[in-house]
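Colleague: how does the following fold in three dimensions:
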Amino acid sequence: MSISEEKIILHVLVVGFHHKKGCQVEYSFPPLIEGSSPDSNECPSGWKYLPTLALPDGSHNFQEDTVYFHLPSLTDRMKTVYGISCFRQIPVEKLKNQTADVTRNSVQKSVCVLSTVPLYGHVQVKMSLITHAYFEEGDFSKVSLLEDTYHHLNACLSQIEDLANAPQLFVGLSARELILKFRHKALLLFKLLLLERKCVFYCSPVKPLCSTILTLLSLYPSMIETGLVKSTSIRPSRPLSPIPTYADTPDDEEEFEPGPSVDTPTSTEPNAKYSNVDLAEEATTLAQHDSVDSTHTAPPRSSQSQDSIETDTSDRFTIKETPTEDFVPSFADDGRSSTGGSACLSRDVSMDTIANVVSNLEAHIGTVAAMDSALCGLPLKIFDSGYLCLPYVSLPYMELLTDPNVRGYVVGATNVLFKQKKNIAEVLIEVDTGKIETNNLDLKKCLYLSTEDLRFADYIVCHVVDERHDVFLDDVGWEGGDEWIRTQFRIYLMSLLRTSLLPEGSRELDHFNSAFLSVWKDTYNYKTWRCSNHEEIYQLNPGHVFSGQLSVTDMKLRLTHTMQNTEGGRKLNQAMVNTTKALGTTSKAVGGAIAQAKGAVTTWWTSLTAVQANGGFEESDETEENPGQSCETGTNETEGEGGRDSGETPVQDENSPAVPSLPPSRMETQHPLPPTGENFAKVEHV
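Modeller: Next comes the predicted model:
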C-alpha cells in the first residue's frame, strides 16, 4: 500500500454480487493487498466485511443508490478511512459482454472509493457519474475508466487549499432537510449524541440514512473536519474480523475510566477502561472565572419540572415530553413557583421577550464568528476511546457492537434485525417517520426540552419553513440556509459549554435542563473538554441565548410541541379525528334512518287513505274473476243499484258458500280512519 499511503484517495474498487459467494471485491486499483492482482477477490483481514458495506442489505430493491461507511485504518489505530460507494443494477440484456458468473436477470455492482478525508458528497457527485459511465459501457472488464478515476480524483483534491476545512466537506449534507424532517426533535438528537449512548438510526434506502447521521454530525463545530478521525478506534476484548490487528500499542495512548451512567438498573454491560486523561478539577483559575461569571446571571426564573415521564405498557417506550397540565407552573399565594423555583415567574403576553432574544442572538453571531474553535476546546471528543461512528453497518458488525469494550455508538442500519435485537439499540431513531424510541426513563428525563430549548428550536424551524426565503434559488441566502443553521447550533453548543462552568445550583443551568447537564458532565467528551484549552469560551456570557420571561407564546409552543411529538398528544389528535369522522357517519346514519322512517309513515298513510277512498274495503281475487259474486264482506259490486241501500237482499248462488253478513258496528270498525289525538291511546289499547 506504499503507493496510496500519501494519496487522498486510497483505492477505487468494484464490488459485485456472486450468486454463490455473495458480495465480493472484483477489482481494485491499487490492489487492496500489496503485491496481489488488481482483480483479486481477497480483502485484508481488517476489511473482511468491506463488500457487505459497499453493497448494503436491501440494495437489490433499488435501481441505484449511495452508501457512506467508515473503516479503521490498516496502518494506524487512531485513523479512519472513509468509504463512498455508488451501486446500480441493470438488466443483463444491456450487457455487451456477459460472463459465466451472470446467472440472473439483472446484474448489480458498486463502484467504491476509499478516502483519507471525509469528502462524502463531493466525491459522491463525481462517482455517480463514473458509475453511470461504467455501466453504460456494458463491459465490466474494461477497467481503464477506474484507473483514470483514481488519478483524476487525487489530482483534483490535491489542488484544494486547506482541504481539512474546505466547504467541500459539507456537500450533500443538507441541514435544512434535517430540520424539515425532525423539526424540534433535531435539537433533541443534538443533545442525545453528547450523552454518548448506543444510538441506532434505521431507514431504507440507505442514502437518506447515512446523510441524516452525517448531517447531524455537521451541526457540531469542526466535527466533520477533524472530529471523526478516531470514530472507528476500538481495542476489542477479543480478536474480531472487522478490526485490524495492529503490531504495538502506542505508549502515549490515553486511558479513561468512564463515569457514572444513566443506564437502567437491569443493564449488565460491564465497564471498560479507556484513556488516561488526568480528570482532576481545574485549579483556582476556573474558580476565579466562575466567580466573575456570577455577575452576569440571567433574570431569576423557576426550574422546569422534568419528573413527569409518560410511559407505556409495551417493552419499548417513546420519548415524550411532560404532559400539558404539568409544564404550566402553578404559583402559591406567596408568589413562589410550586415547581421548585424561588422567584416569581411573570407572564409576558407581548412579543417583547422574543424580540429581545433575537437581538441577543444576533449579537452572539458576531462574537462566536470571531472565536477560534480550537481555543474553545472544539471539536468535542465524542467519537473517541471506544465510542464509534459508523454511518452504515452490515449484519456481521453486530458482534462488534456487543463487545464490552465498546462504550457506545452512532450507527445506521437497513436490516430490521438491528431493531429487533435486544441490547443493540438503547435509542432507536427511525428516519422515515422521525420517531425516537428508548426504554430508559432516566434518559428521557435528560432529553426533556426546556422552554428555552423549545424557543431555540422553534426559531430555527420557523426560518427553515419560511417560504419567503428561497435559499436554493438565491446563492447568497443566509437565514434558513445550511450554514445559518450550523451557526445557530454552534452558538447553542458554545453557550451550553460556557454555562456548564457555572457552580452547581445556578439558575442558568435550568435553561438547558439541569438533569441533562449533570449526566453530560460525567461523559468522556465533557471531561476531556474540561482538561483541554478552552480559554476563549469565557468571552461568552453564561446562560441560554433564548432565556427570558415566560409568555403565552411559550405556553402555546409547549402545547403544540406536546400534541405533535408525544404519544399522548398523538393519541388525542387521532381521537379527535376519529370522533369527527364518527360524528359525520352518525349524522348520515341518523339522517338516513329519519328519511326511512318518514317514508314508511308516508307509505302507511297512503295505503290507509287509498283503502278509505275505495269504500273502506279491499277487493279480493275472486271479485276480479267473478264480478257477479259478492265480496268477502257480503256486499255486491253494484251496491248502489240493488244492494243494501235499496233494501233488497242480495241473491246468493246455491253452489257458493254462505257468507254471513256483518252487523253495521262491526263493519264500521273494520277499517277505521287513522287515530288522532286522545283516540290514539284507546285504539292502541284495543
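
Colleague: quick one: least confident helix or strand in the protein?
Modeller: helix 324-327 (a mean of 35; mean pLDDT, DSSP states H and E).

Colleague: in the stretch 501-650 of the chain, where is pLDDT below threshold?
Modeller: Applying pLDDT under 70 to the stretch 501-650 of the chain flags the ranges 550-554, 556-557, 560-561, 563-577, 580-593, 597, 601, 604-650.

Colleague: how is the chain divided into domains?
Modeller: The record's domain split for the chain, according to automatic domain parsing, is 9-172, 181-242+304-566.

Colleague: V411: what secondary structure?
Modeller: What DSSP: H, G, I helix; E, B strand; the rest coil gives for V411 is strand.

Colleague: bridging residues for it?
Modeller: Counting by DSSP bridges, V411 forms beta bridges with V200, L390.

Colleague: if we can go back for a sec, weakest of the domains of the chain by average pLDDT?
Modeller: The minimum mean pLDDT among these belongs to domain 181-242+304-566 (a mean of 82).

Colleague: for stretch 90-103, buried residues please.
Modeller: For stretch 90-103, the neighbour count (16 or more other C-beta atoms under 10 Å) marks I90, L95, V102 as buried. No exception for glycine: its C-beta is placed from N, CA and C like everyone else's.

Colleague: please apply the same query to stretch 44-62.
Modeller: 46-57, 59, 62.

Colleague: which of those residues sits closest to S385?
Modeller: G46 (19.2 Å; C-beta to C-beta).

Colleague: S115 reaches I84, doesn't it?
Modeller: Yes: with contact defined as C-beta atoms under 8 Å, S115 and I84 form a contacting pair (6.9 Å).

Colleague: mind checking what helix or strand follows the lengthiest strand in the chain in sequence?
Modeller: When the chain is parsed with DSSP state E, its longest strand is strand 80-91. Downstream of strand 80-91, the next assigned helix or strand under DSSP states H and E is strand 106-115.

Colleague: what does stretch 24-36 rub up against?
Modeller: With contact meaning C-beta atoms under 8 Å, 6 or more residues apart in numbering, stretch 24-36 is reached by 1-4, 11-18, 37-44, 47, 50-51, 109, 140, 143, 146-147, 150.

Colleague: F69 touches Y397, doesn't it?
Modeller: No: contact between F69 and Y397 fails when scored by C-beta under 8 Å: they sit 9.9 Å apart.

Colleague: shared neighbours of those two, which are they?
Modeller: The contact sets of F69 and Y397 overlap at L390 (C-beta under 8 Å, 6+ apart).

Colleague: higher neighbour count, those two?
Modeller: Neighbour comparison, F69 and Y397: the larger count goes to F69, with 27 against 23 (by other C-beta atoms under 10 Å).

Colleague: does that one fall in a helix, a strand, or a coil region?
Modeller: Classification of F69 using three-state DSSP returns strand.

Colleague: coming back round to it: turn the domains of the chain into JSON lines, including distance to A600.
Modeller: Shown next, in JSON lines, are these (distance: least, C-beta to C-beta, whole Å):
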{"stretch": "domain 9-172", "distance to A600": "58"}
{"stretch": "domain 181-242+304-566", "distance to A600": "46"}
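
Colleague: which one of those lies closest to G599?
Modeller: Among those, domain 181-242+304-566 sits nearest to G599 (C-beta to C-beta), with 44.6 Å.

Colleague: residue boundaries of the helices in the stretch 101-250 of the chain?
Modeller: 120-137, 144-158, 175-182, 185-194, 206-218, 223-226 (DSSP state H, counting those that start in this stretch).

Colleague: okay, those, which one's buried deepest?
Modeller: Highest mean neighbour count among these (mean count of other C-beta atoms under 10 Å): helix 206-218, with a mean of 24.

Colleague: counting by contacts, list what it packs against.
Modeller: Contact here means 3 or more C-beta pairs under 8 Å, 6 or more residues apart in numbering; DSSP states H and E; on that basis helix 206-218 packs against strand 64-72, helix 175-182, helix 185-194, strand 198-202, helix 223-226, strand 408-413.

Colleague: could you check the angle that helix makes with strand 408-413?
Modeller: 150 degrees (axes from the mean of the first three to the mean of the last three C-alpha atoms, to 10 degrees).

Colleague: what angle do helix 206-218 and helix 120-137 make?
Modeller: 160 degrees.

Colleague: CA atoms only for helix 206-218 - export them in CSV, please.
Modeller: The C-alpha trace of helix 206-218 is given here as CSV (Å, rounded to 0.1, in the frame of the first residue of the first chain):
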residue,chain,number,x,y,z
VAL,A,206,-29.5,3.7,2.6
LYS,A,207,-28.5,7.2,1.3
PRO,A,208,-31.0,9.1,3.4
LEU,A,209,-29.9,7.1,6.4
CYS,A,210,-26.2,7.9,6.0
SER,A,211,-26.9,11.5,5.1
THR,A,212,-29.1,12.1,8.2
ILE,A,213,-26.3,10.8,10.5
LEU,A,214,-23.6,12.8,8.9
THR,A,215,-25.7,16.0,8.6
LEU,A,216,-26.5,15.7,12.3
LEU,A,217,-22.7,15.5,13.0
SER,A,218,-22.1,18.5,10.8
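
Colleague: next one: the nearest residue to L497 once chain neighbours are set aside from M371, what distance?
Modeller: Of all residues not flanking L497 in the chain, I537 sits nearest, at 5.6 Å (C-beta to C-beta, 6 or more residues apart in numbering). Separation of I537 from M371 (C-beta to C-beta, to the nearest Å): 8 Å.

Colleague: what do those two both touch?
Modeller: Joint contacts of I537 and M371 (C-beta under 8 Å, 6+ apart) are M494.

Colleague: closest one of the buried residues of stretch 90-103 to L501?
Modeller: Comparing those against L501 with C-beta to C-beta places I90 closest, at 58.2 Å.

Colleague: picking that back up, which one of the buried residues of stretch 90-103 sits closest to L219?
Modeller: I90 (37.6 Å).

Colleague: quick one, what contacts that closest one?
Modeller: Contacts of I90 by C-beta under 8 Å, 6+ apart are S106, V107, F135.

Colleague: reformat those residues as JSON lines; add distance to R197.
Modeller: Formatted as JSON lines, these follow (distance: C-beta to C-beta, whole Å):
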{"residue": "S106", "distance to R197": "40"}
{"residue": "V107", "distance to R197": "41"}
{"residue": "F135", "distance to R197": "41"}
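
Colleague: closest to T75 out of the residues you listed?
Modeller: F135 (33.0 Å).

Colleague: still on that earlier bit, tell me which of S115 and I84 has more neighbours.
Modeller: I84 (28 against 21).

Colleague: I figured the more buried one hits C112, correct?
Modeller: Yes: with contact defined as C-beta under 8 Å, I84 reaches C112; the gap is 7.0 Å.

Colleague: hmm, who's touching stretch 409-424?
Modeller: Under C-beta under 8 Å, 6+ apart, the answer for stretch 409-424 is 56-58, 193, 198-206, 209-210, 212-213, 217, 269, 383, 387-395, 397-398, 401-402, 425, 428.

Colleague: do stretch 228-242 as well
Modeller: Under the contact criterion C-beta under 8 Å, 6+ apart, stretch 228-242 has outside partners 45-46, 48-49, 70-73, 77-80, 82, 118, 217, 243, 245, 249, 272, 381, 383-386, 388-390, 396-397, 399-400, 403-406.

Colleague: cutoff 6 Å now
Modeller: 48-49, 70, 72, 77-78, 80, 118, 243, 383-384, 386, 389, 397, 400, 403-405 (C-beta atoms under 6 Å, 6 or more residues apart in numbering).
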